[in-house]
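Q: A structural model of the following input is requested.
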Amino acid sequence: MEIARAAIGRGEWQQATNDAEHFARTLLQPVVNATGVLLHTNLGRAPMRIARDARAVNLEIDLESGRRGSRQHAVGGLLARLCGAESAIVVNNNAAAVLLVLSALASGGDVPVARGESVEIGGGFRVPEVMEQSGARLVDVGTTNRTRLDDYRRVISPATSLIFKIHPSNYRVEGFVEDTPVSELASLGIPVVADIGSGLLDAACPWLPAGPPAWLQGEPAARQTLAEGASLVTFSTDKLFGGPQAGVIAGSSELVERCARHPLMRALRPGALVLSSLHEVAMAYLRRTVTESVPFWTMATTPVATLRERAHAIGIGRPVDLEALPGAGSLPGITMPSFGLAIDGDHAAVLRRHTVPVVTRVRDQVTYVDLRTVDPIDDAVVAAALGSLAA
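A: Down below sits the predicted model:
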């Protein structure tokens with residue numbers, strides 16, 4: 001109504017419908033991700049199925065005693081079990097996890113970081129600036145492409161609070177390179193905090209019947225990183241974990257407790273909806289039902305033959321082999337085989353204006369619909385959107 005009044009007030013009443021449609025496209029709404037990027041940051045990263053009764057939840061009540069409990073106990077305990085950690089807590093995202101760890105454990109102290117790991121991620125989030133906000137002092141170690149154990153030894157002093165090891169998950173340096181693994185850093189007698197970023201729980205992928213896929217080779221995992229001697233790991237839960245946006249701090253119970261007691265924890269803690277969603281995903285890992293109930297792993301493990309059958313069933317456009325990407329700054333340079341449809345011309349804008357927007361990718365004036373990232377229930381939506389192009 002307000003949009004219509006504004007259009008009439010401008011003397012452009014005929015624009016009211018267009019103005020309303022434009023406003024509607026600025027609101028949050030379901031879309032079909034046909035880009036082939038499984039964890040598309042602009043599309044919310046890991047897709048989630050959310051179904052919850054309108055009931056209260058025992059967020060901070062101990063049902064045995066009836067007294068106030070901890071909102072971290074249930075989900076933190078499940079995540080610790082999955083990571084092979086003594087303890088774990090959850091915060092809003094991985095940036096919050098890093099900030100909290102540094103503030104709680106290293107404020108006023110030195111924190112060695114390899115030069116090649118002093119990264120910037122999306123949105124201008126830079127490790128040196130987070131260090132400054134936390135009160136920790138960044139100590140550059142080694143060179144951009146090569147950092148050895150002796151480089152760390154030379155900078156350790158009584159002021160060193162911890163060693164920060166960062167997995168550069170959104171870029172890759174190749175060629176004349178060397179880094180120092182966690183197992184060697186742990187020998188220095190200083191707590192090692194490893195930011196593994198992408199949220200792979202276990203390199204063995206015990207939740208997958210066929211074991212770890214080839215595209216995960218070399219990706220650091222929480223369980224193995226802790227087993228190698230890291231005191232803490234931090235990671236996101238909306239990437240390879242496949243859950244809602246949150247960050248996890250897992251490892252030594254003493255260090256986790258120090259983080260949990262820090263005043264920042266109150267500002268960084270997640271609410272009941274996020275924790276309930278994380279609880280469901282964590283239980284799916286424990287029940288080994290991940291490929292059926294966690295959409296990211298459903299997408300990642302769908303056979304190409306199944307995608308090919310769906311493409312032929314849609315029947316519009318040219319069936320083509322494609323390469324999908326993990327996305328969200330995870331596994332740079334890594335692709336996985338996929339299949340979809342190609343339509344000559346750039347139709348991306350028209351498809352985004354479909355009743356249910358379909359987001360595609362365009363290369364060399366060809367629009368590609370990658371079915372690896374499309375839920376099968378949306379194949380009818382894709383067919384209708386592509387059919388509208390011909391109409």
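Q: hey, C-alpha coordinates of the top helix by length along the chain in CSV?
A: Ranked by residue count, the top helix of the chain under DSSP state H comes out as helix 272-287. Extracted in CSV, the C-alpha atoms of helix 272-287 (Å, rounded to 0.1, in the frame of the first residue of the first chain):
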residue,chain,number,x,y,z
ALA,A,272,18.1,-21.3,20.5
LEU,A,273,17.4,-21.6,16.8
VAL,A,274,21.0,-21.9,15.8
LEU,A,275,21.8,-24.3,18.6
SER,A,276,18.8,-26.5,17.8
SER,A,277,19.8,-26.7,14.2
LEU,A,278,23.4,-27.6,15.1
HIS,A,279,22.0,-30.2,17.4
GLU,A,280,20.1,-31.9,14.6
VAL,A,281,23.1,-31.9,12.3
ALA,A,282,25.4,-33.2,15.0
MET,A,283,23.0,-36.0,15.7
ALA,A,284,22.9,-36.9,12.0
TYR,A,285,26.6,-37.4,12.1
LEU,A,286,26.4,-39.6,15.1
ARG,A,287,23.5,-41.6,13.6
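Q: tell me which helix or strand comes right after it.
A: helix 290-293 (DSSP states H and E).
Q: could I get the buried residue list for the helix or strand following that following helix?
A: Downstream of helix 290-293, the first helix or strand assigned by DSSP H and E is helix 295-301. Using 16 or more other CB atoms under 10 Å as the test for burial, helix 295-301 gives Pro295, Phe296, Trp297, Thr298, Met299, Ala300. (C-beta placed from N, C-alpha, C; glycine too.)
Q: count of neighbours near Val358?
A: Burial of Val358 is recorded as 27 neighbouring residues (other CB atoms under 10 Å).
Q: look up the residues forming beta bridges with it.
A: In this entry, Val358 is beta-bridged to Val32, by DSSP bridges.
Q: list the buried ones in the longest helix of the chain?
A: Within helix 272-287, the residues scored as buried using 16+ other CB under 10 Å are Val274, Leu275, Ser276, Ser277, Leu278, His279, Glu280, Val281, Ala282, Ala284, Tyr285.
Q: can you name every helix or strand that that helix contacts?
A: helix 73-83, strand 87-91, helix 290-293 (3 or more CB pairs under 8 Å, 6 or more residues apart in numbering; DSSP states H and E).
Q: which residues are in contact with that helix?
A: The contact list for helix 272-287 (CB atoms under 8 Å, 6 or more residues apart in numbering) reads 48, 50, 52, 57, 59, 71, 74-75, 78-79, 81-82, 90, 201, 207, 237, 241-246, 270, 290, 293-294.
Q: what about that helix, distance to the chain center?
A: Computed by CA atoms, centre = their mean, to the nearest Å, the chain-centroid distance of helix 272-287 equals 15 Å.
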